[in-house]
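Asker: Prediction below, plus the sequence it came from.
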Amino acid sequence: MPSIKEDWYCIVNPHAGSGKTMSEWTIAEQTLTELNIPYKTSLTNYKFHATKLAYEAALHGYRKLLAVGGDGSVHEVMNGIMKYCDETGMNPEMFWLAVIPIGSGNDWIKSTGVPHDTQAVVDLLASNSFDKQDVIKVEAGDTVCYMTNIGGVGFDSHVCLRVNRQKERGKRSATIYATALMHTIRWIRALKGTVKVDGKVLYDGDFYSIALGNGKYSGGGMRQVPDAVMNDGLVDVTVIPKLPIRTLLKEIPKLFNGTLAESKFVFMSRGAVIEVSADRNDVVEMDGEIEGNLPLKVSVTGSCINVLVSGPLK
């Protein structure tokens with residue numbers, strides 16, 4: 001067993017935030033030094049490199065990990081931590097996870113209350129402002145990973161595919177999620193499947209979208225699971241069945257203003273285990289990353305991890 005280190009292990013995505021990362025990280029380094037907070041820095045070089053770095057950091061005794069980037073960076077660091085916990089049997093509550101949000105998508109912090117301000121984030125680190133968040137396990141086909149915020153199938157996963165492809169081409173506009181959503185609504189085919197919550201059927205039939213949430217926010221502020229709470233021991237699920245496109249378009253504002261639960265067309269529930277099966281092995285996304293295919297099982301593990309907050313989890 002390696003000796004436990006008190007340093008923050010900082011995993012920096014230099015490509016996040018349209019190249020703003022390094023200038024923001026310089027500010028963070030200066031503040032960490034001024035506050036006498038010990039830290040070590042590693043830069044990512046490729047997709048999912050942060051998962052490898054986080055796992056290796058845990059192997060070497062680091063228990064405090066800081067992601068510098070967007071939601072994807074947080075997802076990768078979380079999965080590196082959980083890979084180590086799965087292999088060693090260590091309780092995730094022995095780890096502290098924080099983020100300096102610099103990515104184009106920063107939805108996780110909308111639930112943790114972490115400000116989009118580098119100086120303020122470091123101040124929160126110094127004040128040890130943490131709360132416990134549920135650890136959620138995902139089994140998607142042959143893939144096993146962990147969900148930090150929100151995942152989905154159908155609209156969710158195909159919007160994610162389109163957004164990620166646009167980002168790879170250098171597009172970083174504020175409307176990237178909304179335009180991807182509109183494109184997907186126009187072209188996506190419905191899936192036929194079944195959604196079970198704790199073993200009971202919630203929905204059986206054709207559907208366009210299934211969102212599963214530990215947190216409320218995704219896609220730059222959409223609220224597909226508006227009542228989700230990060231530490232209630234449950235995963236929220238929303239099913240949008242196959243509907244006429246005209247009806248779907250009328251319902252879109254509810255995704256952004258938090259009133260989706262008022263829609264008479266959607267099916268919502270929450271539980272400890274959510275299972276999704278369908279007539280084809282469509283892609284699954286978690287925290288904005290494509291992570292496997294259907295069938296899907298999402299489970300609350302009963303463990304928690306310490307996450308940086310500015311107040312109670314929302």
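Answerer: It's in. Residues are numbered from 1 along each chain as shown.
Asker: which SS class is Ala228?
Answerer: coil (DSSP: H, G, I helix; E, B strand; the rest coil).
Asker: now swap in Val114 and tell me
Answerer: coil.
Asker: so it makes contact with Leu308?
Answerer: Yes: under the contact definition of CB atoms under 8 Å, Val114 touches Leu308, with a separation of 5.7 Å. C-beta here means a position set from N, CA and C on the backbone, and glycine is covered the same way.
Asker: For this structure, name the helix or strand with the lowest mean pLDDT.
Answerer: The least trusted helix or strand in the chain, going by mean pLDDT, DSSP states H and E, turns out to be helix 176-187, with a mean of 73.
Asker: packing partners for that helix?
Answerer: helix 155-168, helix 245-257 (3 or more CB pairs under 8 Å, 6 or more residues apart in numbering; DSSP states H and E).
Asker: Select from these the stretch with the lowest mean pLDDT.
Answerer: Among those, helix 155-168 carries the lowest mean pLDDT, a mean of 76.
Asker: Export only the CA atoms of that helix, formatted as PDB.
Answerer: The C-alpha trace of helix 155-168 is given here as PDB (Å, rounded to 0.1, in the frame of the first residue of the first chain):
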ATOM      1  CA  PHE A 155     -31.700  11.900 -28.600                       C
ATOM      2  CA  ASP A 156     -29.100  12.100 -25.800                       C
ATOM      3  CA  SER A 157     -26.500   9.800 -27.400                       C
ATOM      4  CA  HIS A 158     -27.000  11.100 -30.900                       C
ATOM      5  CA  VAL A 159     -26.800  14.700 -29.900                       C
ATOM      6  CA  CYS A 160     -23.600  13.800 -28.000                       C
ATOM      7  CA  LEU A 161     -22.200  12.200 -31.200                       C
ATOM      8  CA  ARG A 162     -22.900  15.300 -33.200                       C
ATOM      9  CA  VAL A 163     -21.600  17.700 -30.600                       C
ATOM     10  CA  ASN A 164     -18.400  15.800 -30.200                       C
ATOM     11  CA  ARG A 165     -17.800  15.600 -33.900                       C
ATOM     12  CA  GLN A 166     -18.300  19.400 -34.200                       C
ATOM     13  CA  LYS A 167     -15.900  20.000 -31.300                       C
ATOM     14  CA  GLU A 168     -13.300  17.800 -33.100                       C
END
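Asker: hang on, the earlier thing: what is in contact with Val114 and Leu308 at once?
Answerer: 98-99, 121, 124 (CB atoms under 8 Å, 6 or more residues apart in numbering).
Asker: tell me which of these is nearest to Gly89?
Answerer: Among the shared contacts of Val114 and Leu308, Ala98 lies closest to Gly89 (CB to CB), at 24.1 Å.
Asker: three-state assignment of the closest one?
Answerer: With three-state DSSP as the criterion, Ala98 reads strand.
Asker: these two touch, right, it and Leu65?
Answerer: Yes: counting by CB under 8 Å, Leu65 is a contact partner of Ala98 at 7.4 Å.
Asker: Can you work out which residues contact both of these two?
Answerer: Between them, Ala98 and Leu65 share these contacting residues under CB under 8 Å, 6+ apart: Trp8.
Asker: and stretch 61-73, which residues are buried?
Answerer: 62-73 (16 or more other CB atoms under 10 Å).
Asker: sorry, back to before: which entries within the shared contacts of Val114 and Leu308 meet the buried criterion?
Answerer: The neighbour-count test (16+ other CB under 10 Å) marks 98-99, 121, 124 as buried among these.
Asker: Tabulate those in CSV, adding columns for distance to Thr44.
Answerer: Shown next, in CSV, are those (distance: CB to CB, whole Å):
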residue, distance to Thr44
Ala98, 16
Val99, 14
Val121, 19
Leu124, 23
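Asker: quick check, nearest of those to Ala228?
Answerer: Val99 (18.5 Å).
Asker: thought that closest one was touching Leu308?
Answerer: Yes: applying CB under 8 Å as the test, Val99 and Leu308 come out as touching, 6.8 Å apart.
Asker: Can I take it that Val201 is in a helix?
Answerer: No: the assignment for Val201, made by three-state DSSP, is strand rather than a helix.
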